[in-house]
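Peer 1: Give me a model of this one.
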Amino acid sequence: MKALVIGSGGREHAIAWRLAQEPGVHVVAAPGNPGMVDLGPCLRPPSNTPEGYLQLALEHEVDLTIVGPEAPLVAGVVDTFVAAGQKIAGPTRAAAQLEASKQFAKQVMIGAHIPTAAYQAATSIAEARHALRNFSYPVVLKADGLAAGKGVIIAHNETEAHQALEALQILGPKILIEEFLQGEEASFIALCDGKRAIALEASQDHKTIFNGDEGPNTGGMGAYCDGRILTPAQIRAVLDTVIQPALDYMRHLGTPFSGFLYAGLMMTREGAKVLEFNVRLGDPETQSLLHRIRGGFAESLMAAASGDLSQAVFDWNPNPSVCVVMAAAGYPEKPRTGDAINGITEAESTGAVVFQAGTHLDNGTLRTSGGRVLGVTASGADLSSAIGNTYEAARRIHFDGMQFRTDIGAKGLKRWSTIRTVGT
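Peer 2: Here you go, the predicted structure:
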């Protein structure tokens, strides 16, 4: 099988890395990044359009295409490939509105009776300020459209809420005001074929820039994947009350959903409630997720693209995995680029995998080219060991202004330590 991976970030590096380990799979990336060149050719399409990607796939006789980021999906790359008879894993442009419009996603949740936070939509700052009177603080404010993971602000008082409205309106006129949910977040991703779904292991993202969930939101500063994040009963409940109802409702609308459906969950006292839907694998959740998959990934993607997941299975390594994001100076507001990166070989000599994201080669020197630069990922016999192994590798990497959180996975350690203490 020849597989084309669309994208150039850490998520796409992880997808290509996982695919390249499966027997008989050959990887091509478009455009890829310097970390992916050892996995297969990294090629620039004639244009960053659905038609450009299709031309590349046809020229290289690709059997299956996997779309990493959301933008090509929202642009209709799946529609273009399907019309040409090409296998591609992902939702159509219409189904991708689950991520492209938070208001549409909310309408689906309400229509499908999926547990979620109460909300109101506004099309102007004046309307949003009026709607705020119906909510208590803290309150959640969201830009309606795509915002690279940075379109959500939690306001703790009226002053912060009005400042958030001004900031979010830059991203578009539509704003959602939502009830603030109490609990612990979990990322739940399922691979879907339009009718049915198979769940990936749950993971937990760390959104804010600083330890202790302080500071502004980012695209994600790290994640861990551990089989204990959700119990088997909770996984079954999420499939029954969130994922399957969403698939059924999308079919009812005439827009069947295929590909990865990502439900950002808040695990409340009443059970799981959906914070948001995404229509692709998360970043950096993918790095820790795919580090744990031992096999079945390529076959399952082809099954989803073919519309029949009934026989698909993932082979999971039981050991937890942790991904720590190394970010550039100034991230997330104004990331600095051009700093030389050292120590990746030394980090990988520990057994970790360093997934590249915001990097580029400059006359043989690897330099930073974006906000989130690297995703250092490792496993261990237990979560504590996985955390230790990941940070041992991360300490061997250096670039000027480098910043990273030192508490990725700490919530899991605290949670299970509390459970053991209560149980004794």
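Peer 1: How is the chain divided into domains?
Peer 2: What the record gives for the chain is the domain set 2-89, 118-179, 183-316, 321-423, from automatic domain parsing.
Peer 1: so where's the stretch 51-200 of the chain uncertain?
Peer 2: Within the stretch 51-200 of the chain, the set of residues satisfying pLDDT under 70 comprises 148-150.
Peer 1: For it, which segments count as helices?
Peer 2: Counting by DSSP state H, counting those that start in this stretch, one finds helices in the stretch 51-200 of the chain at the ranges 70-74, 77-83, 97-100, 102-111, 125-132, 158-169.
Peer 1: thinking again about what came up before, among the domains of the chain, which is nearest Q103?
Peer 2: Evaluated with Cβ to Cβ, those place domain 118-179 nearest to Q103, the distance being 5.0 Å. For glycine as for every other residue, the C-beta is placed from the backbone atoms N, C-alpha and C.
Peer 1: First-to-last residue distance for the closest one?
Peer 2: Domain 118-179 has an end-to-end distance of 5 Å (Cα to Cα, to the nearest Å).
Peer 1: try stretch 289-298
Peer 2: The stretch stretch 289-298 measures 14 Å between its terminal residues, going by Cα to Cα.
Peer 1: Out of the helices of the stretch 51-200 of the chain, the one nearest T218 is which?
Peer 2: Proximity of the helices of the stretch 51-200 of the chain to T218 was assessed by Cβ to Cβ; the nearest stretch is helix 158-169, lying at 14.7 Å.
Peer 1: for the closest one, packing partners?
Peer 2: Counting contacts by 3 or more Cβ pairs under 8 Å, 6 or more residues apart in numbering; DSSP states H and E, helix 158-169 is packed against helix 125-132, strand 139-143, strand 152-155, strand 175-179.
Peer 1: In its sheet, which strands sit next to the shortest one, and in what direction?
Peer 2: When sheet partners are counted by DSSP bridges, strand 152-155 sits next to strand 139-143 (antiparallel).
Peer 1: now the angle from the partner strand to helix 125-132?
Peer 2: Between strand 139-143 and helix 125-132, the angle comes out at 150 degrees (axes from the mean of the first three to the mean of the last three Cα atoms, to 10 degrees).
Peer 1: how far is strand 139-143 from where the chain is centred?
Peer 2: Centroid separation for strand 139-143 versus its chain: 19 Å, with Cα atoms, centre = their mean, to the nearest Å.
Peer 1: quick one: contacts of it?
Peer 2: By Cβ atoms under 8 Å, 6 or more residues apart in numbering, the residues outside strand 139-143 that reach it are 102, 117, 128, 132, 151-155, 161, 164-165, 168, 171-172, 174-180, 276.
Peer 1: How about stretch 75-87, which residues are buried there?
Peer 2: Buried residues in stretch 75-87, defined by neighbour count with 16 or more other Cβ atoms under 10 Å: 75-82, 86-87.
Peer 1: Turn the helices and strands packed on helix 158-169 into TSV, including mean neighbour count and distance to E61.
Peer 2: Below are the helices and strands packed on helix 158-169 laid out as TSV (neighbours: other Cβ atoms under 10 Å; distance: least, Cβ to Cβ, whole Å):
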stretch	mean neighbour count	distance to E61
helix 125-132	16	51
strand 139-143	23	40
strand 152-155	19	41
strand 175-179	23	44
